[in-house]
Structure formats: C-alpha cells, structure tokens
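> coords please:
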Amino acid sequence: MDAIFLDANVLFSATWRSDSGLLRLWQLKGVRLLTSSYAVEEARVNLPGEDQRRRLEDLLGRLEMVATPSNLPLPGSVTLPDKDRPILLAALAAQATHLLTGDVEHFGAYYDRKVGSLIILRPSEYLRRYRPKS
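Sure thing, here's the model as predicted:
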C-alpha cells in the first residue's frame, strides 16, 4: 500500500477550487494519505478565503496526521531550505512511500528519485502512474 505524504502546496492547491483535479488523490483506493501539522499550517495561512479553509478542514478529516521530527539530519546529499526540511523529515519519519509536492524550486532536483524510503513526485505524475491496488 502506498503511503503518500502531501506537502503544503498540494493541500493549498487541492482546496483552492472546489473542482480541483488534485481532489482525485482523496478518491484513490489502497493508499494512505499523510501530512503534518506543519504542512497544514503552511497551507492554511496562505488560503485567502473562508471557502478554501472549510474545504481544507474537510480534506483533513480524511488524512492521517504524522509528527514532524526536529533536529534530524537530512539524508545523503539532500539540501533544502529550513522551511522545507520539516516536510521531508516528516515524510521520512512516517515511512511514506511517496512525497507529493509542486515545489519545483526546492524539490525539483529530487523529482522521481528515491530519497531515503520515499520517491518525490509532482502530484500529477503520481496520479498518472497510479494503479489501483487489489
């Protein structure tokens, strides 16, 4: 079973419009959707309207919240800004199989690469590759 950690920008984008294509993530069978309070708060503070915040709260009810470890080193040759380190560390600590993020600037160099126990992908790429588990 895939365990998919969602970055703040995925949460933000999924709640931006009521018909967001990213809402397909919440309909996948045989996957666990994970995030952290750090990612949720980052998404929440950037949402401009009450409708988006309500959609976020609804989606959070269908996510597994995981802890954000502090002061752990990043694996190998991974270099990230301080604000992105908690995202990767939470995904790794939760033993996620995938980290989905649209943050090309900071995570783009790691797209489609194994970092520790997980593969970092854009959400659209995961959805393209997804095959239901039986």
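
> mind pulling up the pLDDT for R62?
pLDDT, R62: 94.

> could you confirm it falls within a strand?
No: counting by DSSP: H, G, I helix; E, B strand; the rest coil, R62 falls outside a strand, being coil.

> just give me the neighbour total for it.
For R62, the number of neighbouring residues by other C-beta atoms under 10 Å comes to 10. No exception for glycine: its C-beta is placed from N, CA and C like everyone else's.

> that one touches V31, doesn't it?
No: using C-beta atoms under 8 Å, R62 is not in contact with V31, being 11.3 Å away.

> in the protein, what helix or strand scores lowest on average pLDDT?
strand 114-115 (a mean of 94; mean pLDDT, DSSP states H and E).

> that one: partners in the sheet, and parallel or antiparallel?
With DSSP bridges as the test, strand 114-115 is paired with strand 118-121 (antiparallel).

> from the chain's centroid, how far away is the partner strand?
Relative to the centre of its chain, strand 118-121 is centred 10 Å away, using C-alpha atoms, centre = their mean, to the nearest Å.

> mean confidence for it?
97.

> now the next helix or strand after that strand: buried residues?
Remark: after strand 118-121, the chain's next helix or strand is helix 123-129, criterion DSSP states H and E. The neighbour-count check on helix 123-129 (16 or more other C-beta atoms under 10 Å) flags P123, Y126 as buried.

> use 177 as the first number for this chain going forward.
With 177 as the first residue, the last one maps to helix 299-305.

> next one: phi and psi at A179?
When read as degrees, to the nearest 10, the backbone of A179 gives phi -110, psi 110.

> that one and Q203, how far apart?
According to C-beta to C-beta, to the nearest Å, A179 and Q203 sit 17 Å apart.

> quick one: which of these two has more around it?
A side-by-side neighbour count of A179 and Q203, using other C-beta under 10 Å, places A179 first with 18 against 8.

> and Q271, how many neighbours?
13.

> before we move on, what about P251?
Number of residues near P251 (other C-beta under 10 Å) recorded here: 14.

> could you find the closest non-adjacent residue to it?
Nearest residue to P251 in three dimensions, chain neighbours excluded: G292, at 4.6 Å (C-beta to C-beta, 6 or more residues apart in numbering).

> I appreciate the help and will end here.
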